[in-house]
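Peer 1: kindly generate the corresponding structure for this input.
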Amino acid sequence: DAGAQFSSELVEQGSPVLSFLIWFALPILLFSFIGNQMNKKLMEKAGGGPGSMMFGGAGKSNAKVYVQSTHGIRFADVAGEDEAKENLQEIVDYLHDPGKYESIGASMPKGILLVGPPGTGKTLLAKAVAGEANVPFFSISGSDFVEMFVGMGASKVRDLFKQAKEKAPCIVFIDEIHRFNKAQQDVLLPYVENGTIILIGATTENPFFEINSPLLSRMKVIRLEHLTADGIKKILERALTDKEKGYGSEGITVTAEALEALADFAGGDARVALNLLEQAEFMLPDGSKEITMDVLRSVAGNALQRYDKKGDYHYDIVSAFIKSMRGSDADAALHYLARMLEGGEDVRFIARRIVICAAEDVGNADPQALVVANAAAQAAHFVGLPEAQIPLAQAVCYIANAPKSNSCYMGIFNARQEVRSINTRVPKHLRDAHYPGAKQFGHGLGYKYPHDYPGGWVEQQYLPDELVGHKYYYPKDIGEESRLLKKKNEKD
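Peer 2: Predicted coordinates for the structure are as follows:
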């Protein structure tokens, strides 16, 4: 305390210059030193490498921008996504002959936004556009940009695009464009608007939440879906035969069963499939060049068991899961839920099964079961794994322990069966009568408005004449549905 008091007195009694140095100059110098050190590390991270160059030369930009030869990449090299390739072909045609489009007054989108899950070929599609059109291709990652330019303002984005414009027409590809903040996205607008630069952005997020409206309105949104298993297999086969970038020169093969399992396990993500293929090749025993199911299991563990087509493992587990909830065995239902989660099953698929079971097997015996199931599905989607297992387990236990009734399910099933076999007409008093002349046809005449009667109910015919007296819904004397049964009996 004495030392602190002495230091405070020294500052108070010292000259104004000394106070300025201690309280203002020293912190500024310290901050500048830390900033320079961080900038130096970022420069090292961004700097160079084979096939890369910096816009504007050394020292002007830390954003790593790759200018790669993309002439060898074509749409044919991209597996699946046929609809996306068809849409992107318009950009290629325009770049080949802009005058043709201008002569007929046709307008082209100012930019393209590729939206889809990881590993669906967004970057490769952008490069294929440049390859097909034979124009320069520049790319920058939004994550790299944010990391390297945090706090430096939108001027850096402006500098990048001014220099890219000098090589127009060209493709400027921004991966993870959602990471650009509002100011940085606004800077893109004039370069997108003038059309000399074709901007292609890629994002895994909802563009209507993450991309500014002015920029989004100038871009054509192309949604990519998870690749099909066949598409994944084509990519894997290409990797096995490619002598330059794949295993073609090494003679690595994959059994048909293992290839099928790889394609299914990837879940539509080509990156996952290729990474697993690489790990499996690394785990091959000495002298072996064939990847089998045993090799895959040594890499991915028991997760691959669910793709055993011979044992119908996948469908057996799902069937046992639903039947356990229907049979009110919460322990068994949790067991099968755990097996699906450990096997890598899609959380959305599990959530849909739970919602269906709540409506089909619990129904009006406990209407709250559907509310709980739907809330669990939304929560699981919101939080993701591993925490998604918690709301899913809560819903499973609730449904398993709830009273059961399939009356609603059987009601709609029987009604649809009858609709398919009998052609009927709506009774005239129930037909639409809001338009002029409806009464001339007898529409709406004689209709009794239930709210005009005691209890909000009045007896009248609702079914078509041919179906009067037919019954579809038979409430059960179980749980909350027993109240509905009582009311139905009172009316009958």
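Peer 1: pLDDT value on the residue positioned nearest the centre of the chain, please?
Peer 2: Closest residue to the average C-alpha location of the chain: Pro117 at 4.8 Å, with Cα atoms, centre = their mean. Confidence at Pro117, expressed as pLDDT, is 81.
Peer 1: surely it is in contact with Glu205?
Peer 2: No. The pair Pro117 and Glu205 does not pass the contact test of Cβ atoms under 8 Å, sitting 10.6 Å apart. The way it works is simple: take the backbone N, C-alpha and C, and place the C-beta from them, glycine included.
Peer 1: what is the helix or strand that contains Phe349 packed up against?
Peer 2: Taking DSSP states H and E as the definition, Phe349 sits inside helix 347-357. Applying 3 or more Cβ pairs under 8 Å, 6 or more residues apart in numbering; DSSP states H and E, one finds that helix 347-357 makes contact with helix 313-326, helix 330-342, helix 368-383, helix 389-401.
Peer 1: switch to 6 Å and redo it
Peer 2: helix 368-383 (3 or more Cβ pairs under 6 Å, 6 or more residues apart in numbering; DSSP states H and E).
Peer 1: what angle separates the helix it packs on from helix 313-326?
Peer 2: Here the directions of helix 368-383 and helix 313-326 differ by 140 degrees (axes from the mean of the first three to the mean of the last three Cα atoms, to 10 degrees).
Peer 1: ok now helix 368-383, how far from the chain's centre?
Peer 2: Once both centres are worked out by Cα atoms, centre = their mean, to the nearest Å, helix 368-383 turns out to sit 18 Å from its chain's centre.
Peer 1: can you check stretch 412-430 too?
Peer 2: Mean-position distance between stretch 412-430 and its chain equals 40 Å (Cα atoms, centre = their mean).
Peer 1: over to stretch 170-189?
Peer 2: Worked out by Cα atoms, centre = their mean, stretch 170-189 lies 20 Å from the chain centre.
Peer 1: now that stretch: average pLDDT?
Peer 2: Per-residue pLDDT over stretch 170-189 has a mean of 81.
Peer 1: could you do stretch 296-306 as well?
Peer 2: When pLDDT is averaged over stretch 296-306, the result is 65.
Peer 1: where does this protein dip in pLDDT?
Peer 2: Applying pLDDT under 70 to the chain picks out residues 1-72, 79-80, 98-109, 142-165, 167-168, 195-196, 301-314, 487-492.
Peer 1: next, give phi and psi for the residue nearest to the centre of the chain.
Peer 2: Reported as degrees, to the nearest 10, the phi and psi values for Pro117 are phi -70, psi 170.
Peer 1: OK, contacts around the closest residue to Asn401 other than its chain neighbours?
Peer 2: Leaving out its chain neighbours, the residue that sits closest to Asn401 by Cβ to Cβ, 6 or more residues apart in numbering is Ala330, at 5.9 Å. When the contact criterion is Cβ atoms under 6 Å, 6 or more residues apart in numbering, the partners of Ala330 are Cys397, Ala400, Asn401.
Peer 1: and for Val299?
Peer 2: Residues in contact with Val299 (Cβ under 6 Å, 6+ apart) are Gln279, Ala280, Met283.
Peer 1: which one among those gets closest to Lys471?
Peer 2: Nearest to Lys471 among these: Ala280, at 59.2 Å, using Cβ to Cβ.
Peer 1: tell me if the closest one really is in a strand.
Peer 2: No. Secondary structure of Ala280, determined by DSSP: H, G, I helix; E, B strand; the rest coil: helix, with no strand assignment.
Peer 1: for it, give me its contacts.
Peer 2: Ile291, Val295, Leu296, Val299.
Peer 1: what's the neighbour count on the third one?
Peer 2: Residues within reach of Leu296, counting by other Cβ atoms under 10 Å, total 26.
Peer 1: could you count how many residues lie near Ala273?
Peer 2: For Ala273, the tally of surrounding residues (other Cβ under 10 Å) stands at 26.
Peer 1: quick check: nearest residue in space to Glu225, chain neighbours excluded?
Peer 2: Gly116 (6.6 Å).
Peer 1: and that neighbour, how close does it get to Ala380?
Peer 2: 21 Å (Cβ to Cβ, to the nearest Å).
Peer 1: for Met340, same thing?
Peer 2: In this structure, Met340 and Ala380 are 12 Å apart, going by Cβ to Cβ.
Peer 1: now do His470
Peer 2: 40 Å.
Peer 1: tell me which of the two has more neighbours.
Peer 2: Of the pair His470 and Ala380, Ala380 is the one with more neighbours under other Cβ under 10 Å, namely 22 against 12.
Peer 1: doesn't Gln389 make contact with the more buried one?
Peer 2: No. Using Cβ atoms under 6 Å, Ala380 is not in contact with Gln389, being 8.1 Å away.
Peer 1: in the stretch 151-300 of the chain, which spans are helices?
Peer 2: All helices of the stretch 151-300 of the chain, identified by DSSP state H, counting those that start in this stretch, fall at 155-165, 182-193, 207-210, 213-216, 229-241, 256-265, 270-282, 293-300.
Peer 1: alpha carbons only: can I get stretch 129-143 in PDB?
Peer 2: Extracted as PDB, the C-alpha positions of stretch 129-143 are listed here (Å, rounded to 0.1, in the frame of the first residue of the first chain):
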ATOM      1  CA  VAL A 129     -17.300 -21.800 -64.700                       C
ATOM      2  CA  ALA A 130     -13.900 -20.200 -65.200                       C
ATOM      3  CA  GLY A 131     -12.600 -23.200 -66.900                       C
ATOM      4  CA  GLU A 132     -15.500 -23.500 -69.300                       C
ATOM      5  CA  ALA A 133     -15.400 -19.800 -70.100                       C
ATOM      6  CA  ASN A 134     -11.600 -19.600 -70.200                       C
ATOM      7  CA  VAL A 135     -11.400 -16.500 -68.000                       C
ATOM      8  CA  PRO A 136      -9.100 -15.700 -65.100                       C
ATOM      9  CA  PHE A 137     -10.200 -17.000 -61.700                       C
ATOM     10  CA  PHE A 138      -9.600 -15.300 -58.400                       C
ATOM     11  CA  SER A 139     -10.600 -16.600 -55.100                       C
ATOM     12  CA  ILE A 140     -10.600 -15.600 -51.400                       C
ATOM     13  CA  SER A 141     -11.900 -17.300 -48.300                       C
ATOM     14  CA  GLY A 142     -14.200 -15.300 -46.100                       C
ATOM     15  CA  SER A 143     -12.700 -16.900 -43.000                       C
END
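Peer 1: could you find the closest non-adjacent residue to Tyr247?
Peer 2: Distance criterion Cβ to Cβ, 6+ apart; nearest residue to Tyr247, sequence neighbours excluded, is Leu240 at 5.3 Å.
Peer 1: actually Arg223, not the one I typed
Peer 2: Val115 (5.1 Å).
Peer 1: go ahead and name everything in contact with stretch 357-374.
Peer 2: 322, 325-326, 354-355, 395, 398-399, 402-409, 478-481, 484.
Peer 1: endpoints of that stretch, how far apart?
Peer 2: Start-to-end span of stretch 357-374 (Cα to Cα, to the nearest Å) is 11 Å.
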